[in-house]
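Novice: what follows is a protein structure lacking sequence information:
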């Protein structure tokens, strides 16, 4: 088995060992003020990828009119964006996707955050909807710890169930790294990667979650960010899809997605497809992965229904 962390791609991700010391230097008090002043004026630099100050313990974010906290912006990639974006995600399409999920979840009873990372969607949705509860799934132990810190900081311990498990084919397992992630908590590990050692993580399915949901016909919304494994998530969730027909915000990567299989799963439940742009939704008859925009909304609402509800659809 090849260990991703020792592969050329994995080593490049860490700049062959230079990433942490460079990042730490730029985060120091004597260099960071200059970085913050100069970086926004340099063409081609995405400031959201630059380090936050090393001593900053938390940032306050906002989405859909609600505020929340994210801890440890030096190591959390999403919290770092909120630092540079002054409370908002730095890329327009990411900020819009977060606002969209918050709006879709205004009346939700349950929010399912699959591939939660440190929980920005969980924190934002529950901040805006005080009646909702969340089930948040994350497979990397160091990231799970960051997610749990955010749950505590936002006083959501009685409303969030943190699951250190994957969602996909029930009964399967994979090994995941147990280290601290190096210069940042990893946000890109997925089931398509092999690791030579680590903790064994088990997988459950969407359908296995049904007994844990409120009785009756609860309103459920779902966010999926699983680095190309969304087909497995939805394929073993057909009962939940057919019964509850949740609105789903799903990352669809153009280099990993299998849209034909994904549509075969969703078409039987009469889902419509919308690409999430920088400030609007683009209705599509088919899922066509886009090289620039990653997120898609899958919903049973047609474009006219979405417009009437106040969503910007083109």
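Specialist: The structure has been received and is ready for your questions. Predicted model, so just to flag it, every value in this text is computed and none were measured.
Novice: just the helices in this structure please.
Specialist: Assigned by DSSP state H, the chain shows helices spanning 8-13, 19-26, 32-38, 77-84, 92-104, 120-128, 141-153, 230-235, 238-244, 259-267, 303-308.
Novice: so where is the stretch 51-200 of the chain shaky, pLDDT-wise?
Specialist: 181-184, 188-194, 196 (pLDDT under 70).
Novice: just so I have it, where are all the strands in it?
Specialist: Using DSSP state E, counting those that start in this stretch, the strands of the stretch 51-200 of the chain run over 58-63, 66-71, 110-114, 133-137, 160-163, 166-167, 173-176, 199-204.
Novice: elements contacting the first one?
Specialist: Read it as strand 58-63. strand 66-71, helix 77-84, helix 92-104, helix 120-128 (3 or more CB pairs under 8 Å, 6 or more residues apart in numbering; DSSP states H and E). In this view, the C-beta of every residue, glycine as well, is placed from N, C-alpha and C.
Novice: winner for burial among the ones you listed?
Specialist: With neighbours taken as mean count of other CB atoms under 10 Å, those reach their highest mean count in helix 120-128, at a mean of 26.
Novice: contact partners for residue 28?
Specialist: Listed by CB atoms under 8 Å, 6 or more residues apart in numbering, the contact set of residue 28 reads residue 54.
Novice: where does it sit relative to residue 85, distance-wise?
Specialist: With distances taken as CB to CB, to the nearest Å, residue 28 is found 22 Å from residue 85.
Novice: from residue 269, how far off is the nearest residue to residue 89 once chain neighbours are set aside?
Specialist: Take residue 89 and drop its neighbours on the chain: the residue closest to it by CB to CB, 6 or more residues apart in numbering is residue 95, 4.3 Å away. Residue 95 sits 29 Å away from residue 269, going by CB to CB.
Novice: cool, and residue 145?
Specialist: Taken as CB to CB, the span from residue 145 to residue 269 is 36 Å.
Novice: how near is residue 296 to residue 233?
Specialist: 13 Å.
Novice: sorry, that was for residue 146
Specialist: When distance is defined by CB to CB, residue 146 is 22 Å away from residue 233.
Novice: go on, residue 249?
Specialist: 13 Å.
Novice: how about residue 252?
Specialist: From residue 252 to residue 233 the distance is 12 Å (CB to CB).
Novice: test my guess that the residue nearest to residue 89 contacts residue 86.
Specialist: No - in this structure, residue 95 is not within contact of residue 86 by CB atoms under 8 Å, at 11.4 Å.
Novice: for residue 216, what are phi and psi?
Specialist: Here is the backbone geometry of residue 216 (degrees, to the nearest 10): phi 90, psi -140.
Novice: residue ranges of the strands in the stretch 201-314 of the chain, please?
Specialist: Using DSSP E, counting those that start in this stretch, the strands found in the stretch 201-314 of the chain span residues 220-224, 247-251, 272-276, 281-284, 295-299.
Novice: list the contacts of the last one.
Specialist: The one in question is strand 295-299. Residues external to strand 295-299 that are found in contact with it (CB under 8 Å, 6+ apart): 93-94, 97, 100, 104, 247-252, 266, 271-276, 281, 287, 306.
Novice: off-centre distance for that strand?
Specialist: Distance of strand 295-299 from the chain centroid (CA atoms, centre = their mean, to the nearest Å) equals 13 Å.
Novice: now it: average pLDDT?
Specialist: With pLDDT averaged residue by residue, strand 295-299 scores 98.
Novice: who's in contact with residue 185?
Specialist: By CB under 8 Å, 6+ apart, the contact set of residue 185 is 75-77, 117-118, 140, 142-143, 146.
Novice: now do residue 294
Specialist: Contacts of residue 294 by CB under 8 Å, 6+ apart are 93, 251-253.
Novice: could you dump the residues you listed to CSV with distance to residue 242?
Specialist: Output for the contacts of residue 294, formatted as CSV (distance: CB to CB, whole Å):
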residue, distance to residue 242
93, 30
251, 23
252, 21
253, 26
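Novice: just the buried subset of these, please.
Specialist: 93, 251-253 (16 or more other CB atoms under 10 Å).
Novice: now flag whichever of the residues you listed is closest to residue 152.
Specialist: residue 251 (26.5 Å; CB to CB).
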